[in-house]
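Participant: Predicted model and sequence below, questions to follow.
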Amino acid sequence: MRTFLAIACLIGLSAPAFAESAISPAQAKKQLEQGNQRYMTGKSIHARIDPVTRERTAQQGQKPVATILGCSDARVPPEIIFDQGFGELFVVRVAGNVCSTAELASVEYGVKYLKTPLVVVVGHTKCGAVQAAVAGGELKGSLPKLVGMITPAVDETKTKFPKKTGDDLLNAAIEANVRKSIKDMLANSPGLEQAIKNKQVEIVGAIRDIEHGGVKWLAP
Ligand SMILES: [Zn+2]
């Protein structure tokens with residue numbers, strides 16, 4: 001019985017709908033913008049995790065300010081590019097920052113149980129997963145399934161911008177892929193959509209430039 005209750009609580013059977021966060025979506029976004037500015041200018045304050053913070057978060061739990069869906073690319077770790085400390089970001093990383101069931105469930109967990117007021121889908125320049133979808137070559141193993149989730153964004157980009165080629169095409173596809181992940185997220189999570197309507201949560205897209213380190217926030 002105890003096990004059942006624990007599972008029921010975890011999957012939300014006895015939990016309330018998406019709860020209010022202590023800070024607003026705008027305050028959370030400001031915190032990330034300021035962190036990225038510190039990172040870009042070599043003034044990061046969270047370069048290392050100190051033992052005191054590790055102990056505090058272990059004892060008191062995590063209180064992340066944002067849920068991040070980002071790419072697995074080794075050059076884009078969210079905690080570093082947004083200069084946030086231990087326990088401050090709830091991060092979901094998958095190649096090409098796609099949003100299938102496991103990623104969506106993780107995002108819902110971040111919003112519903114950890115009460116992050118902001119969800120950021122972060123793409124990045126020179127993304128290999130999007131590049132694979134643009135190139136359209138043969139892939140092995142499970143990769144066709146993953147890249148197949150990105151292909152609609154590439155097709156849409158090619159239709160919208162028939163003259164774009166090379167980096168121009170790739171960059172436009174990277175942005176379209178971020179927007180597609182947001183769209184997939186909302187289409188498959190009525191609870192998340194409702195939380196946005198209630199202004200409890202905001203979802204924004206962003207592109208991280210891997211050369212200069214800056215983050216471009218996408219307009220809704
Ligand atoms: Zn990538």
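Facilitator: Arrived safely.

Participant: what's in contact with the longest helix along the chain?
Facilitator: In the chain, assigned by DSSP state H, the helix with the most residues is helix 166-187. Residues from elsewhere that reach helix 166-187, judged by CB atoms under 8 Å, 6 or more residues apart in numbering: 69, 96-100, 104, 107, 119, 121-127, 130-131, 133-134, 150, 152-154, 156-158, 160-161, 164, 192-193, 196, 203, 205-207, 218. Backbone N, C-alpha and C define where each C-beta goes, glycine included.

Participant: What residues of the following helix or strand past that helix count as buried?
Facilitator: Of the helices and strands lying after helix 166-187 in sequence (DSSP states H and E), the nearest is helix 190-197. Of all the residues in helix 190-197, those buried under the rule 16 or more other CB atoms under 10 Å are Leu192, Ala195, Ile196.

Participant: Packing partners of the helix or strand just after helix 190-197?
Facilitator: Proceeding N to C from helix 190-197, the next assigned helix or strand is strand 202-208, under DSSP H and E. With contacts taken as 3 or more CB pairs under 8 Å, 6 or more residues apart in numbering; DSSP states H and E, strand 202-208 sits against helix 25-40, strand 118-124, helix 166-187, helix 190-197, strand 215-217.

Participant: mind listing what Asn97 touches?
Facilitator: Leu69, Gly70, Cys71, Val121, Val122, Gly123, Asn177, Val178, Ser181.

Participant: same thing but 7 Å
Facilitator: Asn97 sits next to Leu69, Gly70, Cys71, Val121, Val122, Gly123, Val178, Ser181 when contact means CB atoms under 7 Å, 6 or more residues apart in numbering.

Participant: Now restrict the residues you listed to buried residues only.
Facilitator: Burial by neighbour count, judged by 16+ other CB under 10 Å, picks out Leu69, Gly70, Cys71, Val121, Val122, Gly123, Val178, Ser181 from the contacts of Asn97.

Participant: looking at it, the fifth one is touching Ile68, isn't it?
Facilitator: What it means is Val122. Yes: counting by CB atoms under 7 Å, Ile68 is a contact partner of Val122 at 6.0 Å.

Participant: Quick check: neighbours shared by the two?
Facilitator: Joint contacts of Val122 and Ile68 (CB under 7 Å, 6+ apart) are Pro78.

Participant: contacting residues for the most centrally placed residue in the chain?
Facilitator: Geometric centre of the chain, nearest residue: Leu69, 1.8 Å, by CA atoms, centre = their mean. Contact partners of Leu69, counting by CB under 7 Å, 6+ apart, are Val92, Asn97, Cys99, Glu103, Val107, Val121, Ser181.
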